[in-house]
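> Need coordinates for the following:
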Amino acid sequence: MNTPPETFIRVQSPLLEAFVSDCFLAVGMSGEHASQMARWLTANDLRGVFSHGTRQTVAYVRHFQKEELNVTPNVQIVSETAVTATVDGDGGLGYFPSFAAANLAVQKAKEHGVANVITRNHGHFGAAGLWSRVIVSADLIAYVTSGAQLQMRPGAPHRHAAGGSPMSFAAPAGEEPPIIADFGAVHDLYDGEPHVKAIEMLAPSATYRSIGLGSFCQILGGFLCGVPSAPERAQREWRGANQGAFMTAHDVSHYMPLDDFKREVDDYIRQVRELTPITNQSDTEVAGGMEAKREQLWREEGVPVGPAHAEALRGLGQDLGVEFPF
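Sure, this is the predicted structure:
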């Protein structure tokens, strides 16, 4: 789980956003793209999704410096039907084709009731919840996932079949914030996690479910998007452009009145809050509820930036000649 740091400084989000934008500008990104990246990464920090927030700036900048990704991609729709589309990322970060794909999915689902859009030929697309939020903000139900180049070898752990396995589901609500599940299917089963063996022994069925979910992240967000299962079959101009994404959007009004649906979701959310929390937790929010609370609070108080997070950004600023303002 993403948990707030115990020791931190408070940084107002506009200050954090401006610093990140300047870092991307320093490596040749366009002003529009730099502003978008800064906004998306800071939004993740505001929600407490620190793993996919501004600390990722360091890794992305290194990709550009090593010329593993295209810093000035020309994102294009390369195929399209009434309810489907393919968006090519031109070897850049996955954020830009994903943003285009999410908006395209909204447009098509609003017109036809459903849409499926894939992206290809790009790097990391960030948190899946960034793009499900674009879709759910238009009162549509969303599912988003991504697949990356697998590096499986004989004898490796079974869980490697799942890859990174990010996914997000989202559903609109009325008076309450939307329900947004944003997670990695095998998050506690990555190599190096402290309790992998214990989880496999105590909850083998949960482990298999995680692998199964992750497999379909690879199928929909990887193979369907041109990422082969074997790396030796990959043909890429940009070494880091090894990912794809899949998004689906559904217009609730094609199934039932939207207001009725939102009312049911609101009622469900309120009922969930009356349940007993799971062990060692303090509340019973639905998926996305905790993030919504944090975002509202931290926009006023500032983002809690821990020592390692701050040091990583400070070091990046020094490397790029960008003033570290906090």
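
> Going by C-alpha atoms from here, please, whenever you check contacts or count neighbours.
OK.

> Which residue lies closest in space to the spatially most central residue of the chain, excluding its sequence neighbours?
Computing the C-alpha centroid of the chain and ranking residues by C-alpha atoms, centre = their mean puts residue 127 first, at 1.2 Å. If the residues on either side of it in the chain are set aside, residue 127 comes closest to residue 52, at 5.9 Å by C-alpha to C-alpha, 6 or more residues apart in numbering.

> Let me see the contact set for the one you found.
41, 44-45, 126-127 (C-alpha atoms under 8 Å, 6 or more residues apart in numbering).

> how about 10 Å then?
2, 40-45, 125-128 (C-alpha atoms under 10 Å, 6 or more residues apart in numbering).

> Reduced to three states, what does the nearest residue to residue 259 once chain neighbours are set aside come out as?
Spatially, and ignoring its direct neighbours in sequence, residue 259 is nearest to residue 174 (7.5 Å; C-alpha to C-alpha, 6+ apart). What DSSP: H, G, I helix; E, B strand; the rest coil gives for residue 174 is coil.

> Just to check, residue 174 is in contact with residue 264?
Yes. In this structure residue 174 lies within contact range of residue 264 using C-alpha atoms under 10 Å: 8.9 Å.

> So between the two, which is more surrounded?
residue 174 (17 against 14; other C-alpha atoms under 10 Å).

> tell me the domain boundaries of this structure?
1-66+291-326, 75-272 (automatic domain parsing).

> residues in contact with the residue nearest to residue 259?
139, 258-267.

> Please enumerate the strands of this structure.
For the chain, the strands defined by DSSP state E occupy 9-11, 76-80, 84-88, 114-122, 140-148, 166-171, 179-184, 243-251, 303-305.

> possible to save those as a markdown table with mean neighbour count and distance to residue 196?
Putting the strands of the chain into a markdown table (neighbours: other C-alpha atoms under 10 Å; distance: least, C-alpha to C-alpha, whole Å) gives the following:
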| stretch | mean neighbour count | distance to residue 196 |
| --- | --- | --- |
| strand 9-11 | 15 | 32 |
| strand 76-80 | 13 | 41 |
| strand 84-88 | 23 | 36 |
| strand 114-122 | 28 | 30 |
| strand 140-148 | 29 | 22 |
| strand 166-171 | 25 | 18 |
| strand 179-184 | 22 | 15 |
| strand 243-251 | 29 | 26 |
| strand 303-305 | 23 | 28 |
